[in-house]
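A.B. asks: Any chance you can model this:
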Amino acid sequence: MAKVRMAQYGTKHGHARGKMQAMLVNPNVEVAGVFEPDAQQREKRQADGGTFADVHWYDNAEEMLSDGTIVAIASEGNNAESLDQTEQIVNAGKHLWYDKPAGENWEQWQRVINTAQEKSLHVQMGYMLRYHSAFKQVAEWVHSGFLGNVFSVRAHMSTNISLESRTRISQHIGGIFFDLGGHVLDQVVWLLGRPEKVTSFLRNDGGSLEPFKDNTLTVYEFEKAMAFITISALEPKPVARRFEVYGSEGSAIIIEPFEPGLKIRLCLETAKGGYSQGEQIVEIDGESRQRTYELELDAFLATIAGAQAPDRPVSHELLVQETLLRATGVIPS
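C.D. replies: Numbering: from 1, shown residues only. From the prediction side, this is the model:
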């Protein structure tokens, strides 16, 4: 099978290096090159060596976008620039591997999706937890009814970032929640669907960089369930990251850290499915962050080759972003 020629637009996203590395090691990908519009950033990446050392650098975006041999492009600009870059990619007729989140312009994101559908292009968001064994197992239990009727989901995904990073993220409504919230929202709406109501508490409790929202809680109400997500930029390292699902017949908690997520605490009302009544620890192989990037890419390539349906329908990619923007107040909740 011929290799798929791919390129990368942008290098400022926190996952940019990992996504390029995933492409470089994939035997079914030929990396055509990378374009970084910021000359200073480009020089920095080139001087770093390592992942980008031997990659071709385009002089301008058009050189990359007009290359008919390039089938797909990874969109890896920072959150302020990536949606515009993504629209250029789709307009150029390339399949899109897009790192989160999908900007703050809801109308533009819907337009990008519509254009992609008109051109029969695959759009896959870079939410790596989709490809993590522990999260996939919990989702399987929920969707099969194994845990009964799910009435509560709780997620905690905090971080501790530098002043430089806080300054950069402060331009976004929602602050640290806008930056990280999509990862766990991707899971929440996959399990429960579209929330009927969203209530957010987006605070600045770090004493600097107002209006940067550095301490956040968002609450999602469904017909018969609630979900709670807490994300802060202030937590001392090593940060705690948890994901908990509670149902009428059992609960599943991915024991922190949820990357690599080697254990799930499973509690059942009655024995079933080869598991005992009560509490038990389910061992999971787990994956490193880099490995989940590689699994993302495998799925992306399989879909554009027609070997499998998308792991998430386009309606889900829209729903995650709509819910994120409802939580940050960009669109009505």
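A.B. asks: then stretch 117-134 to PDB, C-alphas only?
C.D. replies: Output of stretch 117-134 as PDB, limited to C-alpha atoms (Å, rounded to 0.1, in the frame of the first residue of the first chain):
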ATOM      1  CA  GLN A 117     -18.600  17.300   4.400                       C
ATOM      2  CA  GLU A 118     -19.200  18.900   1.000                       C
ATOM      3  CA  LYS A 119     -15.700  17.800  -0.100                       C
ATOM      4  CA  SER A 120     -16.000  14.300   1.500                       C
ATOM      5  CA  LEU A 121     -13.100  15.100   3.900                       C
ATOM      6  CA  HIS A 122     -12.500  13.300   7.200                       C
ATOM      7  CA  VAL A 123     -12.200  15.600  10.300                       C
ATOM      8  CA  GLN A 124     -10.800  14.000  13.400                       C
ATOM      9  CA  MET A 125     -10.200  16.000  16.600                       C
ATOM     10  CA  GLY A 126      -7.100  15.300  18.700                       C
ATOM     11  CA  TYR A 127      -8.700  14.100  21.900                       C
ATOM     12  CA  MET A 128      -6.200  11.400  22.900                       C
ATOM     13  CA  LEU A 129      -8.300   9.900  25.700                       C
ATOM     14  CA  ARG A 130     -10.600   8.400  23.100                       C
ATOM     15  CA  TYR A 131      -7.800   5.900  22.400                       C
ATOM     16  CA  HIS A 132      -6.900   5.100  25.900                       C
ATOM     17  CA  SER A 133      -7.800   1.600  27.000                       C
ATOM     18  CA  ALA A 134      -9.200   2.600  30.400                       C
END
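A.B. asks: Pretty sure residue 81 sits against residue 13.
C.D. replies: No. The criterion here is C-beta atoms under 8 Å, and residue 81 misses it with residue 13 at 9.5 Å. In short, each C-beta sits where N, CA and C put it, glycine included.
A.B. asks: neighbour-wise, which of these two wins?
C.D. replies: Neighbour totals were compared for residue 81 and residue 13, and residue 13 leads with 22 against 17 (other C-beta atoms under 10 Å).
A.B. asks: Please report how far the more buried one lies from residue 221.
C.D. replies: 32 Å (C-beta to C-beta, to the nearest Å).
A.B. asks: swap in residue 138?
C.D. replies: Taken as C-beta to C-beta, the span from residue 138 to residue 221 is 21 Å.
A.B. asks: between the two, which one's more packed in?
C.D. replies: Legend: neighbour count by other C-beta under 10 Å for residue 138 and residue 221, higher for residue 138 (27 against 13).
A.B. asks: How about the contacts made by the more buried one?
C.D. replies: Neighbour list for residue 138: 243, 245, 252, 254, 264 [criterion: C-beta atoms under 8 Å, 6 or more residues apart in numbering].
A.B. asks: repeat for residue 127
C.D. replies: Neighbouring residues of residue 127 by C-beta under 8 Å, 6+ apart: 100, 182-183, 186, 320.
A.B. asks: 6 Å instead?
C.D. replies: Shown in contact with residue 127 (C-beta atoms under 6 Å, 6 or more residues apart in numbering): 100, 183, 186.
A.B. asks: Which stretches in the stretch 1-150 of the chain count as helices?
C.D. replies: 16-25, 39-48, 61-65, 82-91, 106-118, 133-144 (DSSP state H, counting those that start in this stretch).
A.B. asks: possible to save these as JSON lines with mean pLDDT and distance to residue 292?
C.D. replies: Formatted as JSON lines, those follow (pLDDT from 0 to 100; distance: least, C-beta to C-beta, whole Å):
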{"stretch": "helix 16-25", "mean pLDDT": "97", "distance to residue 292": "9"}
{"stretch": "helix 39-48", "mean pLDDT": "92", "distance to residue 292": "23"}
{"stretch": "helix 61-65", "mean pLDDT": "98", "distance to residue 292": "26"}
{"stretch": "helix 82-91", "mean pLDDT": "98", "distance to residue 292": "20"}
{"stretch": "helix 106-118", "mean pLDDT": "98", "distance to residue 292": "23"}
{"stretch": "helix 133-144", "mean pLDDT": "98", "distance to residue 292": "9"}
